[in-house]
Structure formats: structure tokens, C-alpha cells
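Trainee: sequence and computational prediction follow.
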Amino acid sequence: MFRHLMALRQMSRRTITSSARRQVDNKVPDKQKLFQEDNGMPVHLKGGVKDALLYRLTMALTVFGSGFVVYELFDAAMPKKKE
């Protein structure tokens with residue numbers, strides 16, 4: 001019984017460790033050069049179009065949310081008309 005368990009353990013190790021790994025290029029040095037370059041852009045926009053869209057969407061949601069909060073506070077502060 002113990003021999004069977006050891007064989008199963010060894011077989012499971014082989015299948016996991018002998019599997020081919022994907023070779024992925026290291027992009028970190030390229031990103032470091034991009035973000036450390038002194039071109040006058042803020043660091044949160046150096047990522048390209050995707051970063052600019054995310055920034056604009058975040059700012060739009062922030063402005064809309066702030067305006068909505070001010071509107072709701074103003075609406076709650078005004079007395080309601082009795083009909």
C-alpha cells in the first residue's frame with residue numbers, strides 16, 4: 001500500500017515539474033525606461049492612450065459624483081412643499 005502511495009506521489013511530481021513553461025519576455029526594463037524618461041508628462045499619463053482614457057473617465061466620474069452630492073444635499077436642505 002505504501003509503495004503505491006509513493007509511486008503516485010512521484011508520478012504527480014513528474015507531471016507537474018516536467019511541464020513546459022511559457023517563455024515570457026521581461027518587459028520591466030522597457031517600462032522603467034518609459035516611466036523614468038524626462039519628457040514633461042505626469043507619470044500617470046506616460047502609459048499611453050489607455051492611461052489617458054482611464055484618467056479622463058475617473059475625473060468625469062469624480063466631477064459628476066461631486067455635483068450629484070451637492071445637488072442631493074441642497075435638495076435635502078430645502079423644505080418640501082405640502083400638496
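Mentor: Great, that's in hand. Numbers count the residues shown, from 1 in each chain.
Trainee: tell me the secondary structure for Glu72?
Mentor: Secondary structure state of Glu72, per DSSP: H, G, I helix; E, B strand; the rest coil, is helix.
Trainee: counting neighbours, what do you get for it?
Mentor: Other residues near Glu72 number 10, with proximity taken as other C-beta atoms under 10 Å. Every C-beta, even on glycine, is put in place using the N, C-alpha and C of the backbone.
Trainee: quick check: the gap between it and Lys31.
Mentor: Separation of Glu72 from Lys31 (C-beta to C-beta, to the nearest Å): 42 Å.
Trainee: lowest average confidence, helix or strand, in the chain?
Mentor: The helix or strand of the chain with the poorest confidence is helix 2-17; it has a mean of 70 (mean pLDDT, DSSP states H and E).
Trainee: that one: what's the following helix or strand?
Mentor: Note on helix 2-17: by DSSP states H and E, the next helix or strand toward the C-terminus is helix 28-36.
Trainee: what about that following helix, distance to the chain center?
Mentor: Put simply, helix 28-36 sits 18 Å off its chain's centre (C-alpha atoms, centre = their mean, to the nearest Å).
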